[in-house]
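In: the sequence and its predicted three-dimensional model are supplied below.
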Amino acid sequence: MTKKIQHILSVLILVTLIFGVGYYLGLEEADMRTAPDEIDFSLFWEAYNNLERHYVDPEKITEERIVHGAIRGMLESLDDPYTGFFDSEESREFLESVSGYYEGIGLEVGLRDGDIKVISPIEGTPASRAGMKAGDVILEIDGRSTTDMSLERAVDLMRGKQGTEVTLLIGRNRTTHEVDLVRDTIQIPSVDWDLLEEDIAYLKIHYFHNDLLTEFNQIVPEITSSPADKMIIDLRNNPGGSLESALEIADYFLSRGDVIVESRGVSGNSLESYEARGSSITFDYDLVILLNQGSASASEILAGALTYHRDALVVGERSFGKGSIQRLINLSDMSNLKVTVSNWVTPDGSLITDKGIDPDYPVEITTEDIEADYDPQLEKAIEVIKR
């Protein structure tokens with residue numbers, strides 16, 4: 001056996017042992033144990049040797065390509081859209097997006113019923129300016145069909161250098177159309193607020209990225225010094241982000257010790273409970289939350305905690321239902337595994353995954369509303385909170 005093949009085998013054996021290691025949005029080193037005796041790689045080597053012997057372009061058979069391809073195939077076999085592999089460049093782009101900056105078109109996407117679907121377009125980006133909406137199905141990317149395409153591959157194709165172009169074929173309401181987009185540097189907005197009708201604080205949280213708490217702390221004195229005694233929290237088209245950011249914001253609304261969210265394994269056993277740590281400032285206001293199908297992950301965690309502990313009412317549409325927990329695991333060549341390890345459960349014991357959070361007051365926004373620049377969901381939220 002050549003040294004090259006021995007090295008590939010050692011890496012393949014290593015990655016079979018990664019599952020369950022790491023911490024959400026934290027980089028942990030891979031487990032360096034040796035392989036268990038029962039793993040039989042004979043079929044892999046049979047395929048590899050035939051590939052090396054017969055493939056028309058042997059220069060393409062590189063160590064990195066074979067190893068990374070084998071890892072991707074291993075993870076794709078689990079049929080989990082949120083478990084995947086990032087090479088070193090993809091890892092850099094993923095971490096940039098969590099920090100609030102990356103180059104692309106400004107779409108958060110998920111895999112639902114085998115389709116690559118838009119969770120939400122990020123405001124002020126090429127995707128939102130082109131009129132893309134939550135629920136749009138991405139059928140093709142630059143002419144490549146997304147049928148059986150992994151979520152990571154779709155994201156990789158849509159991202160790229162500022163100024164480059166990408167064409168998407170979009171499915172919406174049983175019709176299709178092409179959207180031509182020019183990639184840009186995406187700065188993901190964090191949070192802003194306004195005072196409505198003299199006593200209603202309108203808090204818009206765009207994304208739970210790592211700088212959210214810093215930006216939120218800057219507007220807290222403005223809110224507390226205003227006449228507001230009610231609050232509307234707008235989480236529409238907020239695809240989530242960092243769990244820690246959601247926990248930090250929840251501290252401003254909950255009492256110390258209140259359970260914000262629990263993680264549970266496949267068998268339903270509780271793995272970890274996240275509790276409010278309390279804050280020197282607590283927004284003890286009447287609360288209404290705005291959700292739509294673009295609200296996911298950390299947005300659903302915050303909404304679930306506030307509806308349970310603060311009797312907050314929800315206006316809008318059912319949220320996306322992305323309630324699984326991923327951990328990022330750093331491999332030795334600076335690539336990473338993103339592995340689903342458990343599911344989020346709201347304080348009332350409800351699973352978020354595939355269910356989402358239902359509104360108390362269902363309100364949809366029509367095409368006519370958008371064209372007229374009218375927001376019936378916000379108007380309903382104002383009506384509800386005034387009651």
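Out: Looks like it arrived, so ask away. Just so it is clear, the model here is predicted, and its values are computed rather than measured.
In: when you work out contacts or count neighbours from here on, use the C-alpha atoms and nothing else.
Out: Noted.
In: what's the closest non-adjacent residue to Glu89?
Out: Sequence neighbours aside, Ser335 is the residue nearest to Glu89 in space, at 7.9 Å (criterion: Cα to Cα, 6 or more residues apart in numbering).
In: no wait, Val118
Out: Closest to Val118 by Cα to Cα, 6+ apart is Val109, at 4.4 Å.
In: next structured bit after the helix or strand hosting Leu111?
Out: Using DSSP states H and E, Leu111 sits within strand 107-112. Remark: after strand 107-112, the chain's next helix or strand is strand 115-121, criterion DSSP H and E.
In: now do stretch 340-358, average pLDDT.
Out: Stretch 340-358 shows an average pLDDT of 88 in the prediction.
In: stretch 269-287 too?
Out: In this model, stretch 269-287 has an average pLDDT of 88.
In: residue contacts, the residue nearest to Glu89?
Out: Contact partners of Ser335, counting by Cα atoms under 8 Å, 6 or more residues apart in numbering, are Phe85, Phe86, Asp87, Ser88, Glu89, Glu90, Ser91.
In: again with Ser226
Out: Leu195, Asp199.
In: in the strand holding Leu111, what's buried?
Out: For strand 107-112, the neighbour count (16 or more other Cα atoms under 10 Å) marks Leu107, Glu108, Val109, Gly110, Leu111, Arg112 as buried.
In: which helices and strands sit right next to it?
Out: Applying 3 or more Cα pairs under 8 Å, 6 or more residues apart in numbering; DSSP states H and E, one finds that strand 107-112 contacts strand 115-121, helix 151-158.
In: quick check: next helix or strand after the shortest one?
Out: Which is strand 115-121. Per DSSP H and E, strand 115-121 leads on to helix 126-129 as the next helix or strand towards the C-terminus.
In: need the helices and strands packed on strand 107-112 in CSV (columns: mean neighbour count).
Out: CSV is the format used below for the helices and strands packed on strand 107-112 (neighbours: other Cα atoms under 10 Å):
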stretch, mean neighbour count
strand 115-121, 25
helix 151-158, 18
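In: got the ones you listed as TSV, with mean pLDDT columns?
Out: Formatted as TSV, the helices and strands packed on strand 107-112 follow (pLDDT from 0 to 100):
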stretch	mean pLDDT
strand 115-121	85
helix 151-158	86
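In: figure out which of the ones you listed is closest to Ser77.
Out: Ser77 lies closest, by Cα to Cα, to one member of the helices and strands packed on strand 107-112: helix 151-158, at 13.3 Å.
In: and that closest one with strand 107-112, angle?
Out: 150 degrees (axes from the mean of the first three to the mean of the last three Cα atoms, to 10 degrees).
In: I'd like the next helix or strand past helix 151-158.
Out: Per DSSP H and E, helix 151-158 leads on to strand 165-172 as the next helix or strand towards the C-terminus.
In: who does that next one touch, helix- and strand-wise?
Out: Checking 3+ Cα pairs under 8 Å, 6+ apart, strand 165-172 ends up next to strand 137-141, strand 175-182.
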